[in-house]
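Peer 1: Predicted structure and sequence below. I'll ask about it afterward.
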There are 2 protein chains.
Amino acid sequence: MSERDARHKTSMQKLKRHVDEKVAQAKEQRGQLLVFTGNGKGKTTAAWGTVTRALGYGYRVGVVQFIKGLWECGERERLIDDENLQVAIMATGFTWDTQNRESDTRACQEVWREAERMLADESVYLVVLDEITYMLKFGYLDIDTVKRALKNRPPEQTVIVTGRNAHRDLVAMADTVTEMQETKHGFNAGLQARRGIDY
Amino acid sequence: MSERDARHKTSMQKLKRHVDEKVAQAKEQRGQLLVFTGNGKGKTTAAWGTVTRALGYGYRVGVVQFIKGLWECGERERLIDDENLQVAIMATGFTWDTQNRESDTRACQEVWREAERMLADESVYLVVLDEITYMLKFGYLDIDTVKRALKNRPPEQTVIVTGRNAHRDLVAMADTVTEMQETKHGFNAGLQARRGIDY
């Protein structure tokens, strides 16, 4: 065995011990609260990736979209025929298009009732609250209401929250938080958003 | 209109102008090179989310998995029957299990040939090179070979590269780079990885 190969072997053995130890330490089994936040690309996309994953094992999934109501959404198109998927959409579109706090608040409260129903249903394995952070930021939805629903949800249920500037109470409650940071964005260099990639 | 509602309206009008300006500036249309890197959760998941999205519009997609060969993968299960999806998998499993640089290199080169075929096929709208960063790091694959294949790919083709510690040349070539940063990870608090959520 060459010296480089031998070094590789030693280093991989060390890595394997580390991975095995961490796996052995992880003993608690329950649903998680995951937060995908930050200003970078991939928050909603990672949520839909997890939806695809859960559906792949036959689990029931609920998705509530708080902002993309009037957008095309390729993931939704691809998965919507799955009988295990329920999708609820806030139907007013972007809040910067409506520019109306009152009607946005009503639309938000309406779709939040769907979210509450999913968060109370133990047959739903995964619930995605997509872009809900903006609803809290704009005051369309009360943080205590959201916290209560999350806290009282079935213990086996995993919830994913997405959106920029996640409320600090959500970050504190969460089991796993990923901050998607934009290092570089093609849009800023003049590249058009692409169908099937960006939306 | 209340003062709060009026302030909201002004702020949304400003946001709308900003969004509209950025959209108007984005004039270039072509495939992108996207990099999902960093130590946080969501890199591979966001890639699969994009795969689901592209398939939703009927585009052809190729996925090359450089490390998860022996893992269960819910996304693959869910999407594999789609005639527009091709998946190639490096069949040796985790490099820290095999601990064998020589056989890993062979397996990597073999699956890379599949990647090269996809990267030369203009009917493939999206190619995912999942966890390829580790192949470069371990020296199983040469950075110049990868750069050449990316550079010569069809202009309409988008490529997603995932994995920690993306090579600086890939970051430099990329149109969009997101760094997924781990703020908090349930696994470190003793939570077991969950089927349908984490894998």
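Peer 2: The structure has been received and is ready for your questions. Numbering: from 1, shown residues only, chains lettered A, B, ... in the order given.
Peer 1: and the closest residue to residue A:149 other than its chain neighbours, backbone torsions?
Peer 2: Counting by CB to CB, 6 or more residues apart in numbering or on different chains, residue A:119 is the residue found nearest to residue A:149 once chain neighbours are left out, at 4.7 Å. C-beta coordinates here come from the backbone N, C-alpha and C atoms, glycine included. According to degrees, to the nearest 10, the main-chain angles of residue A:119 amount to phi -70, psi -10.
Peer 1: can you pull the contacts of residue A:119?
Peer 2: For residue A:119, the set of contacting residues under the criterion of CB atoms under 8 Å, 6 or more residues apart in numbering or on different chains consists of A:127, A:149-150, A:152-153, A:157, A:159.
Peer 1: all helices of chain A, in order?
Peer 2: Using DSSP state H, the helices found in chain A span residues A:3-25, A:43-56, A:74-79, A:95-98, A:101-119, A:132-137, A:143-151, A:168-173.
Peer 1: so which of those helices is the most packed in?
Peer 2: Sort the helices of chain A by mean neighbour count, taking mean count of other CB atoms under 10 Å in any protein chain shown, and helix A:43-56 sits at the top with a mean of 28.
Peer 1: Can you report how many residues neighbour the closest residue to residue A:156 other than its chain neighbours?
Peer 2: Distance criterion CB to CB, 6+ apart; nearest residue to residue A:156, sequence neighbours excluded, is residue A:31 at 5.0 Å. Applying other CB atoms under 10 Å in any protein chain shown, we find 20 other residues in the vicinity of residue A:31.
Peer 1: distance between the ends of stretch A:52-64?
Peer 2: For stretch A:52-64, the separation between the terminal residues is 15 Å (CA to CA, to the nearest Å).
Peer 1: Equivalent analysis for stretch A:88-99, please.
Peer 2: Across its full length, stretch A:88-99 reaches 22 Å between end residues, using CA to CA.
Peer 1: try stretch A:92-107
Peer 2: The straight-line separation of the ends of stretch A:92-107 (CA to CA) is 7 Å.
Peer 1: next one: stretch A:113-124
Peer 2: Looking at stretch A:113-124, the gap from its leading to its trailing residue is 15 Å under the measure CA to CA.
Peer 1: Report the mean confidence score over it.
Peer 2: Computed over stretch A:113-124, the mean pLDDT rounds to 98.
Peer 1: What average pLDDT does stretch A:30-41 get?
Peer 2: Taken as a whole, stretch A:30-41 has an average pLDDT of 94.
Peer 1: still on that earlier bit, check the helices of chain A for me: which has the lowest mean pLDDT.
Peer 2: Ranked by mean pLDDT, those bottom out at helix A:95-98, which scores a mean of 70.
Peer 1: if we can go back for a sec, separate out the buried members of the contacts of residue A:119.
Peer 2: Burial by neighbour count, judged by 16 or more other CB atoms under 10 Å in any protein chain shown, picks out A:127, A:149-150, A:153, A:157, A:159 from the contacts of residue A:119.
Peer 1: From those, pick the one nearest residue A:48.
Peer 2: Proximity to residue A:48 was ranked across those by CB to CB; first place goes to residue A:127, at 13.3 Å.
Peer 1: In contact with the closest residue to residue A:195 other than its chain neighbours, which residues are there?
Peer 2: Spatial nearest neighbour of residue A:195, excluding adjacent residues (CB to CB, 6+ apart): residue B:57 at 6.0 Å. By CB under 8 Å, 6+ apart, the contact list for residue B:57 reads A:74, A:77, A:195-196.
Peer 1: May I ask which two of those are separated the most?
Peer 2: The span of these, defined through CB to CB, is set by A:77 and A:195 at 11.2 Å.
Peer 1: which residues sit in contact with residue A:175?
Peer 2: With contact set as CB under 8 Å, 6+ apart, residue A:175 has these partners: A:32-34, B:184-186, B:189, B:191.
Peer 1: Give me the pLDDT for it.
Peer 2: What the model reports for residue A:175 is a pLDDT of 95.
Peer 1: Surely residue A:162 and residue A:49 touch.
Peer 2: No. Counting by CB atoms under 8 Å, no contact exists between residue A:162 and residue A:49, whose distance comes to 11.5 Å.
Peer 1: about what we covered before: cross the contacts of residue A:119 against strands and list the overlap.
Peer 2: In this view, the contacts of residue A:119 that belong to strands under DSSP state E are A:127, A:159.
Peer 1: Turn the contacts of residue A:119 into JSON lines, columns for distance to residue B:113.
Peer 2: Rendered in JSON lines, the data for the contacts of residue A:119 read as follows (distance: CB to CB, whole Å):
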{"residue": "A:127", "distance to residue B:113": "41"}
{"residue": "A:149", "distance to residue B:113": "50"}
{"residue": "A:150", "distance to residue B:113": "47"}
{"residue": "A:152", "distance to residue B:113": "53"}
{"residue": "A:153", "distance to residue B:113": "47"}
{"residue": "A:157", "distance to residue B:113": "43"}
{"residue": "A:159", "distance to residue B:113": "41"}
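Peer 1: so which pair among the contacts of residue A:119 is furthest apart in space?
Peer 2: When those are compared pair by pair using CB to CB, the farthest-apart members prove to be A:127 and A:152, with a separation of 12.8 Å.
Peer 1: returning to that earlier point: most surrounded residue in the contacts of residue A:175?
Peer 2: Top of the contacts of residue A:175 by neighbour count (other CB under 10 Å): residue A:34, with 27 neighbours.
Peer 1: Please name the bridge partners of it.
Peer 2: residue A:160, residue A:176 (DSSP bridges).
Peer 1: who's in contact with it?
Peer 2: Taking CB under 8 Å, 6+ apart as the definition, contacts of residue A:34 comprise A:50, A:158-161, A:174-178, B:41, B:186, B:197.
Peer 1: can I get those in CSV with distance to residue B:134?
Peer 2: Output for the contacts of residue A:34, formatted as CSV (distance: CB to CB, whole Å):
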residue, distance to residue B:134
A:50, 22
A:158, 27
A:159, 30
A:160, 26
A:161, 29
A:174, 28
A:175, 26
A:176, 22
A:177, 24
A:178, 19
B:41, 17
B:186, 23
B:197, 23
